[in-house]
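Enquirer: here you go, sequence then predicted model.
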Amino acid sequence: MIIEMPYLREASVNSYKIVGKGGRRTNATKPSVIAWMCELADRIREHPDFTEYYGSPCSIYVKGFFWDDRAPDVHNFFKVIADAIEPAIGVNDKYLKCIDENYETGHERQKLVIRLETI
């Protein structure tokens with residue numbers, strides 16, 4: 001299963017939490033990140049091959065497509081992606097294996113391509 005998601009800088013593990021007073025991170029996730037996670041979960045549930053993945057541990061391959069070399073580290077998106085996939089396929093994220101497929105530059109539209117394979 002392959003899902004394309006728009007690149008959302010805030011979905012990085014470095015910035016997905018709301019910063020409170022005094023610059024301290026809270027446990028609250030930013031609304032834009034919650035919406036992005038819900039969109040990813042919905043796309044997985046709506047995928048024609050969804051039933052093959054439900055209840056099965058998966059490998060998650062993530063590749064970034066960015067404008068230039070100021071691209072983020074793709075592995076920084078694993079936490080948010082796994083947290084979104086967990087309820088969609090009904091598998092605890094500790095059984096999801098995340099694999100960084102690096103990134104390409106020179107793309108007009110920035111995105112993350114997420115590929116799931118059952119283990």
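Expert: Sure, I can see it.

Enquirer: Three-state assignment for the residue most central in space within the chain, please.
Expert: The centroid of the chain falls nearest to Ile81 when counting by C-alpha atoms, centre = their mean (2.6 Å). Three-state call for Ile81 (DSSP: H, G, I helix; E, B strand; the rest coil): helix.

Enquirer: pretty sure it sits against Leu116.
Expert: No. Taking contacts as C-beta atoms under 8 Å, Ile81 lies outside contact range of Leu116: 10.1 Å. From N, CA and C alone the C-beta is placed, and that goes for glycine too.

Enquirer: overlap in contacts, these two.
Expert: Jointly contacting Ile81 and Leu116 under the rule C-beta atoms under 8 Å, 6 or more residues apart in numbering are Ile60.

Enquirer: looking at the residue nearest to the centre of the chain now. What's its pLDDT?
Expert: Here the pLDDT value assigned to Ile81 is 97.

Enquirer: show me what contacts it?
Expert: By C-beta under 8 Å, 6+ apart, the residues touching Ile81 are Ala11, Leu40, Ile60, Val62, Cys98, Leu112, Ile114.

Enquirer: list the buried residues for the lengthiest helix in the chain?
Expert: Using DSSP state H, we find that the single longest helix of the chain is helix 31-46. Going by neighbour count (16 or more other C-beta atoms under 10 Å), the buried part of helix 31-46 is Val33, Trp36, Met37, Leu40, Ala41, Arg43, Ile44.

Enquirer: so which residues of the protein form strands?
Expert: Secondary structure of the chain by DSSP state E: the strands cover 2-6, 17-19, 25-29, 58-65, 96-104, 111-118.

Enquirer: tabulate those (CSV), appending mean pLDDT.
Expert: Output for those, formatted as CSV (pLDDT from 0 to 100):
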stretch, mean pLDDT
strand 2-6, 98
strand 17-19, 88
strand 25-29, 87
strand 58-65, 98
strand 96-104, 97
strand 111-118, 98
